[in-house]
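Q: Just a sequence and a predicted model for now, questions to come.
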Amino acid sequence: MEPSSAIPFLEMRDISKRFFGVTVLDRVSLDVNAGEVLALIGENGAGKSTLIKILNGDYVRDSGTILIEGKEVAIHHPRDAEDLGIRTIYQELHYAPDLSVAENLLLGHLPRRAGGLLIDWHATREIARQNLKLLDVRIEPNALMRNLSVVERQIVQIVQALSGKARVLVMDEPTAALTPREVAQLFAIIQTLQQQGMAIIYISHRLDEIFQVAQRVLVLRDGKRVGVRAVADVNQRELVQLMIGRQVAASREMVSREAEVEKPRPEVMLELVGLTKPGAYEDINLQVHAGEIVGIFGLLGAGHTNLTRALFGAEPPTRGDIRIHGKAVAIHDPRAAQRAGVGFVPIDRKIEGLVLGMNVRENVTLSNWRELAQFGLFRRRTERAAAQKWIDRLGIRMAGDLEVETRYLSGGNQQKVVLARWLEAQVKLLLLNEPTWGVDVGARSDIYALLEELAEQGMAILVVSSDIKEVQSISHRILTMYKGRVTGEFTRAEATEVNMLHAASGGAE
């Protein structure tokens, strides 16, 4: 694509940033025009998040300049970015959990009455209700944020950004938690914002979205700009090659699935009989065999997320049986789940999956400390060797050694650390809730390959995902849920998108 003769609305020129002596951005330049969607892609750790945090004022650049409409601007704090009309929707949600949806939406801008002395709560709720209509979602303005699901929290953050007076909108994985209907609504909103002249930077690991929403795509690799392309002039395979720096075989998501090969039915590792928690899920019956990957697909509010939390003791069921190795077990808390040989990779890895202030070594061995002690003494050398083994096997990348705090790893590498913990703990049943949420195409492929390898070694795996392609590509069997009930069961060959969406939407209801 030939560069436009007009001055870009936003420019970032030769931006560099170092952390702990490691260069994470090396003279990266970006420009986006008014009314344009620029996609920003790259593997986890490529520098995308750092670049955006510099634009938003969360980090201060070491060198380089930022210009709006050709004039250099100073951004040292998020308030500076807000004053310039820059809004960012981060993949990792930022919200006040003990405030209501309405308060979060209007935080810092609550309407007042009585000469500014009192907050006008009626107006607050009405403005929030009108803003929520931007995505046509049914979320109560008075609900506390902490009582919402992760999906609902992300929707609130999207609405918050869209309802502001933004001139530049940065969207970091905005569709990760949305249903297909909501994605279509979001894309329609983006198109409207383009027509109004907004400049949009769109970050996503779902490459198919890039071709639906963006005009140009900028690729980062290892902290450097490696290419910018017109979307009309590039295909998905070429983008993947730019991202990882080498040619790749077609991923499981890019090829049609092979015909399913019938396998022997080994022992039942997990069996649920009539598992029920009113308001969340009802009368769930399912089996997962050793060496089998079972996927559960459902849309917002289907109950599948609550189900995995129940199996790990985070939200115990009201009635029904959980059987592991044919024996009924009482799983009332995560400790009991671990004793039963169950590991859990949650949807919110930063809150429920990791201790961000602990280093990588400590997070990997967190669930296996007793095995690393001898005669009451903790063996530090053995711990380091155990952690290093999984770092090498899973290809966990970090700026430094295994003593670096986990908070400084990219999302994909953090997810691998969570997986490493349960592999070190030698669990026999692995539960995964949205396993590749916010994970790039390279790390996603690594995780899929690992799950397949673990299944071949006899592990039973239950994957819950709202990504229909994900469950299609990695599952031996797929169940669908709608309003807390199982509505369908499919072999890999039967699991077409039409069949699954029909079942996950209530079928004939």
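A: All right, it came through fine. Every value quoted in this text rests on a predicted model; they were computed, and no experiment measured them.
Q: Using PDB, write out the CA atom coordinates for stretch 381-392.
A: C-alpha atoms of stretch 381-392 as PDB (Å, rounded to 0.1, in the frame of the first residue of the first chain):
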ATOM      1  CA  ARG A 381      18.300 -27.100  44.000                       C
ATOM      2  CA  THR A 382      15.700 -29.800  43.300                       C
ATOM      3  CA  GLU A 383      13.100 -27.100  42.900                       C
ATOM      4  CA  ARG A 384      15.100 -25.200  40.400                       C
ATOM      5  CA  ALA A 385      15.800 -28.300  38.400                       C
ATOM      6  CA  ALA A 386      12.000 -29.200  38.400                       C
ATOM      7  CA  ALA A 387      11.000 -25.700  37.300                       C
ATOM      8  CA  GLN A 388      13.700 -25.500  34.600                       C
ATOM      9  CA  LYS A 389      12.600 -28.800  33.200                       C
ATOM     10  CA  TRP A 390       9.100 -27.400  32.400                       C
ATOM     11  CA  ILE A 391      10.400 -24.100  31.300                       C
ATOM     12  CA  ASP A 392      12.500 -25.900  28.700                       C
END
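Q: which residues sit against it?
A: With contact meaning Cβ atoms under 8 Å, 6 or more residues apart in numbering, stretch 381-392 is reached by 360-361, 364-365, 368, 372, 396, 402, 420, 423-424. For every residue, glycine as well, the C-beta is placed using N, CA and C.
Q: Next, report how far the helix or strand harbouring residue 67 is displaced from the centre of its chain.
A: Assigning secondary structure by DSSP states H and E places residue 67 in strand 63-68. With Cα atoms, centre = their mean, to the nearest Å as the basis, strand 63-68 stands 30 Å off its chain's centre.
Q: same for it, what does it pack against?
A: Here strand 63-68 touches strand 10-19, strand 22-32, going by 3 or more Cβ pairs under 8 Å, 6 or more residues apart in numbering; DSSP states H and E.
Q: got TSV for these, with mean pLDDT, mean neighbour count and distance to residue 57 too?
A: Output for these, formatted as TSV (pLDDT from 0 to 100; neighbours: other Cβ atoms under 10 Å; distance: least, Cβ to Cβ, whole Å):
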stretch	mean pLDDT	mean neighbour count	distance to residue 57
strand 10-19	94	18	13
strand 22-32	93	19	15
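Q: Output the ones you listed in TSV; the columns should cover distance to residue 414.
A: Below are the helices and strands packed on strand 63-68 laid out as TSV (distance: least, Cβ to Cβ, whole Å):
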stretch	distance to residue 414
strand 10-19	16
strand 22-32	16
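Q: Could you check these and tell me which one is nearest residue 338?
A: Closest approach to residue 338 among these (Cβ to Cβ): strand 10-19, 33.9 Å.
Q: which strands and helices sit next to that closest one?
A: Under the contact definition 3+ Cβ pairs under 8 Å, 6+ apart, strand 10-19 sits against strand 22-32, helix 48-56, strand 63-68.
Q: The ones you listed: which one's closest to residue 447?
A: Comparing the helices and strands packed on strand 10-19 by their distance to residue 447 (Cβ to Cβ), the top pick is helix 48-56, with 18.9 Å.
Q: That closest one vs strand 63-68, what angle?
A: Helix 48-56 and strand 63-68 are oriented at 60 degrees to each other (axes from the mean of the first three to the mean of the last three Cα atoms, to 10 degrees).
Q: Please state the mean pLDDT value computed over helix 48-56.
A: Averaging pLDDT along helix 48-56 gives 93.
Q: For it, give me every contacting residue.
A: With contact meaning Cβ under 8 Å, 6+ apart, helix 48-56 is reached by 12, 15, 17, 24-25, 28, 30, 40-42, 59-61, 66, 75, 78, 81, 86, 88, 91, 168, 170, 172, 201, 203, 220, 223, 410.
Q: now these: which count as buried?
A: The neighbour count (16 or more other Cβ atoms under 10 Å) marks 12, 15, 17, 24-25, 28, 30, 40-42, 59, 61, 66, 75, 81, 86, 88, 91, 168, 170, 172, 201, 203, 220, 223, 410 as buried among those.
Q: Skipping adjacent residues, who's closest to residue 31 in space?
A: In space, and not counting its chain neighbours, residue 31 is closest to residue 8: 3.8 Å by Cβ to Cβ, 6 or more residues apart in numbering.
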